[in-house]
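Asks: model this:
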Amino acid sequence: MTILSVRKFFAAAVLVACLPLAPHTASAAPAANLPDFTDLVDKVGPAVVNIRTTARVSNSTRGLPPGMDDGDMSEFFRRFFGIPMPNSPQSPGTPNSPRGGNNGNNDQDQSPDNGPDTEQNSGVGSGFILSPDGYVMTNAHVIDDADTIYVTLTDKREFKAKLIGVDERTDVAVVKINAANLPTVPIGDSNKVRVGEWVVAIGSPFGLENTVTAGIVSAKGRDTGDYLPFIQTDVAVNPGNSGGPLINMQGEVIGINSQIYSRTGGFMGISFAIPIDEAMRVADQLKASGKVVRGRIAVAIGEVTKDVADSLGLPKAQGALVSSVEPGGPADKAGVQPGDIILKFNGHNVDTATDLPRMVGDTKPGTKATITLWRKGQTREVPVTVAEMQPEKAAKADQKKAPTPKPRASNALGVAVSDIPAEQMKSLKLHNGVQVDAVDGPAARVGLQRGDIILRVGDTDITSAKQFEEVTSHLDASKMVALLVRRGENTQFVPVRPRASK
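Replies: Have a look, this model is predicted:
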């Protein structure tokens with residue numbers, strides 16, 4: 001660096017030093033409108049508990065390798081080390097050894113290996129106190145297969161809990177501890193939850209008690225295939241958080257943290273909570289009787305897609321598509337048929353297929369209800385008597401040998417069909433339909449398969465292969481047509497666009 005350049009450098013430095021201090025920029029100012037969770041945590045935190053479960057493990061196993069018993073291990077230690085197996089009655093220093101300080105008593109029945117089973121930690125989770133007299137809510141999977149349940153409060157008191165009841169369908173469980181004047185959490189209204197609002201989770205992720213995380217509600221009514229629609233959040237929820245409360249900014253519980261979406265076992269930005277309204281309905285029944293009673297109408301259902309709605313003339317994609325009806329069940333007695341679309345149950349709209357099981361489940365068995373359904377372009381109402389839900393029974397589809405494929409179909413749908421023998425119709429409990437022998441073109445593109453049974457084309461019931469060919473010959477290639485198809489025990493509508501005649 002030359003002398004001139006050095007002088008210029010110092011001159012610039014002096015100029016900068018003489019400039020007045022600039023005011024704080026917006027980026028340096030403290031962030032505004034961010035929530036403060038401190039008072040909320042002080043209020044709710046004491047009512048959140050840690051739940052630890054144990055299971056009884058037989059001492060006789062002691063984690064030996066598969067196929068080995070104590071005799072094998074004793075021989076191994078004697079042959080290769082010249083000593084008895086550690087913790088065996090003959091091992092020096094064990095409580096039952098003459099040199100172990102047990103007054104020379106070498107009674108093998110006192111050996112730890114022959115003693116009672118021992119407790120082993122089997123899981124850890126969270127929960128929250130519902131009432132001052134000790135009722136605690138948590139997830140069913142937290143206390144699954146537990147022999148003993150321990151509840152630890154924030155003041156470090158630990159209680160052995162009594163299991164009141166479990167409902168696996170909603171993943172809700174209630175336990176009780178013998179205590180009084182306990183802090184509780186106020187119960188909110190999950191129906192008032194808004195997407196984007198701030199929420200807080202308190203629990204024991206990875207066994208770390210009283211951990212607080214915060215985020216926002218990402219979505220409501222998220223269907224994950226379970227009985228309930230979940231509240232989705234971006235709150236950090238990890239293993240051990242299960243059963244803990246999801247709390248709004250008013251300090252109210254609006255959900256129970258239950259599931260996470262993860263490819264690694266850790267938090268990845270998506271977590272799910274059981275809506276507290278549904279959980280409290282379950283908890284009230286568990287406290288009253290130890291079990292949950294639900295209604296059923298004995299149908300299997302599926303979603304109504306836009307293509308199906310358009311092809312059937314429905315104003316919009318809504319309702320629950322009946323795919324099968326249990327013979328002799330309430331829906332069967334009421335006249336509900338596969339292919340019907342249930343639009344309302346007891347006057348309440350069925351917007352999606354997952355709405356119906358909740359509506360029916362919340363209905364007391366024995367109640368007479370009204371089903372509004374869509375069939376062949378018309379709505380109709382049918383009365384049904386709700387029955388009590390029983391444990392699900394596995395249903396096996398009849399396995400029939402597929403007939404020999406026929407030549408490629410030339411009709412507008414690309415389906416070759418044949419009549420179904422009367423004996424097979426009776427065994428399948430069908431009154432009409434034709435069997436698919438081969439598919440190509442439009443039918444192949446929408447996934448029809450050989451062996452499927454076509455019950456209806458549009459609003460026309462199909463009774464024979466000849467009639468099927470007649471009906472398909474008049475289809476409009478510019479409009480979608482809905483085929484009512486049975487595959488195994490399930491029935492669904494399949495929208496198909498006919499090909500134009502050549």
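
Asks: Ala443: what secondary structure?
Replies: helix (DSSP: H, G, I helix; E, B strand; the rest coil).

Asks: next, count neighbours for it.
Replies: Residues lying near Ala443 (other CB atoms under 10 Å) number 27. C-beta here means a position set from N, CA and C on the backbone, and glycine is covered the same way.

Asks: kindly report the same for Ser478.
Replies: The number of residues near Ser478, taken as other CB under 10 Å, comes to 8.

Asks: for it, report the pLDDT, please.
Replies: If you check Ser478, the pLDDT there is 83.

Asks: now it: how far from Lys287?
Replies: 60 Å (CB to CB, to the nearest Å).

Asks: repeat that for Glu278.
Replies: Distance from Glu278 to Lys287, by CB to CB: 15 Å.

Asks: so those two - more neighbours on which side?
Replies: Per other CB under 10 Å, whichever of Glu278 and Lys287 has more neighbours is Glu278, with 21 against 15.

Asks: could you give the mean pLDDT of the helix or strand in which the more buried one is found?
Replies: Assigned by DSSP states H and E, Glu278 belongs to helix 276-289. Average pLDDT, helix 276-289: 93.

Asks: just checking, what packs against it?
Replies: Contacts defined by 3 or more CB pairs under 8 Å, 6 or more residues apart in numbering; DSSP states H and E place helix 276-289 against strand 135-138, strand 158-167, strand 172-176, strand 253-260.

Asks: what angle do it and strand 253-260 make?
Replies: Orientation check (axes from the mean of the first three to the mean of the last three CA atoms, to 10 degrees): helix 276-289 against strand 253-260 gives 90 degrees.

Asks: right, and the helix or strand after helix 276-289?
Replies: For helix 276-289, the following helix or strand on the C-terminal side (DSSP H and E) is strand 295-296.

Asks: which helices and strands sit right next to that next one?
Replies: helix 355-361, strand 387-388.

Asks: flag the shaky bits of this structure, pLDDT-wise.
Replies: The model of the chain has pLDDT under 70 over residues 1-32, 57-118, 224-227, 262-267, 391-410, 501-502.

Asks: helices of that one, start to end?
Replies: 3-18, 38-44, 70-81, 276-289, 306-312, 330-334, 355-361, 422-427, 441-445, 465-472 (DSSP state H).

Asks: mind listing what Ser190 touches?
Replies: Listed by CB atoms under 8 Å, 6 or more residues apart in numbering, the contact set of Ser190 reads Ile231, Ile254, Gly255, Pro275, Ile276, Asp277, Glu278.

Asks: who does Asn257 bridge with?
Replies: With DSSP bridges as the criterion, Asn257 is bridged to Ala273.

Asks: please tell me how far it sits from Asp171.
Replies: For Asn257 relative to Asp171 (CB to CB), the value is 11 Å.

Asks: who has more neighbours, these two?
Replies: Each of Asn257 and Asp171 has its neighbours counted (other CB under 10 Å); Asn257 has more, 28 against 24.

Asks: would you agree the more buried one is in contact with Ile247?
Replies: No. Between Asn257 and Ile247 no contact is recorded; they are 10.2 Å apart, counting by CB atoms under 8 Å.

Asks: okay, and the common contacts of the two?
Replies: With CB under 8 Å, 6+ apart as the test, Asn257 and Ile247 both reach Ala201.

Asks: Throw the helices and strands packed on helix 276-289 into TSV and include distance to Val151, thanks.
Replies: Formatted as TSV, those follow (distance: least, CB to CB, whole Å):
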stretch	distance to Val151
strand 135-138	6
strand 158-167	5
strand 172-176	7
strand 253-260	16
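
Asks: and of those, who's closest to Glu388?
Replies: Judged by CB to CB, the one of those that comes nearest to Glu388 is strand 158-167, at 14.7 Å.

Asks: contacts for that closest one, please.
Replies: The contact list for strand 158-167 (CB under 8 Å, 6+ apart) reads 51, 134-136, 140, 143, 146, 148-153, 172-179, 282, 285-287, 289-292.

Asks: what residues of it count as buried?
Replies: Phe159, Ala161, Ile164, Gly165, Val166, Asp167 (16 or more other CB atoms under 10 Å).

Asks: what lines up beside that strand in the sheet?
Replies: Strand 158-167 has these strand partners (DSSP bridges): strand 148-152 (antiparallel), strand 172-176 (antiparallel).

Asks: out of the ones you listed, which is the most enclosed?
Replies: Compared across the strands paired with strand 158-167, strand 172-176 shows the largest average neighbour count, a mean of 26 (mean count of other CB atoms under 10 Å).

Asks: dump that one to CSV, keeping only the CA atoms.
Replies: Provided in CSV are the C-alpha atoms of strand 172-176 (Å, rounded to 0.1, in the frame of the first residue of the first chain):
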residue,chain,number,x,y,z
VAL,A,172,-58.6,-42.0,23.9
ALA,A,173,-58.0,-43.4,27.3
VAL,A,174,-58.9,-42.3,30.9
VAL,A,175,-57.0,-43.2,34.0
LYS,A,176,-57.5,-42.1,37.6
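
Asks: how does the chain divide into domains?
Replies: Here the domain assignment for the chain is 36-50+124-147+164-292, 60-106, 295-388, 415-496, based on automatic domain parsing.

Asks: quick one: stretch 51-58 to chain centroid distance?
Replies: 25 Å (CA atoms, centre = their mean, to the nearest Å).

Asks: same thing with stretch 35-45?
Replies: For stretch 35-45, the distance to the chain centre is 30 Å (CA atoms, centre = their mean).

Asks: over to stretch 238-249?
Replies: Remark: stretch 238-249 is offset 16 Å from the chain centroid, using CA atoms, centre = their mean.

Asks: which one of the contacts of Ser190 is nearest Pro365?
Replies: Using CB to CB, the contacts of Ser190 come closest to Pro365 at Glu278, 18.5 Å.

Asks: what sits closest to the closest one if chain neighbours are left out?
Replies: Of all residues not flanking Glu278 in the chain, Leu228 sits nearest, at 5.3 Å (CB to CB, 6 or more residues apart in numbering).

Asks: and what of Asp307?
Replies: Spatial nearest neighbour of Asp307, chain neighbours left out: Pro495 (3.8 Å); criterion: CB to CB, 6+ apart.

Asks: for Arg487, same thing?
Replies: Closest to Arg487 by CB to CB, 6+ apart is Asp452, at 5.2 Å.

Asks: check the gap between that neighbour and Gly255 for me.
Replies: From Asp452 over to Gly255 (counting by CB to CB), the distance is 42 Å.

Asks: ok, now which ones touch Thr154?
Replies: Applying CB under 8 Å, 6+ apart, the residues contacting Thr154 are Gly45, Pro46, Val48, Val49, Glu209, Asn210.

Asks: widest-spaced pair of those residues?
Replies: Pro46 and Glu209 (12.3 Å).

Asks: one step back: so which of the helices and strands packed on strand 295-296 is the most packed in?
Replies: helix 355-361 (a mean of 21).

Asks: surely Pro338 and Ser323 touch.
Replies: Yes. Between Pro338 and Ser323 a contact is recorded at 6.3 Å, counting by CB under 8 Å.
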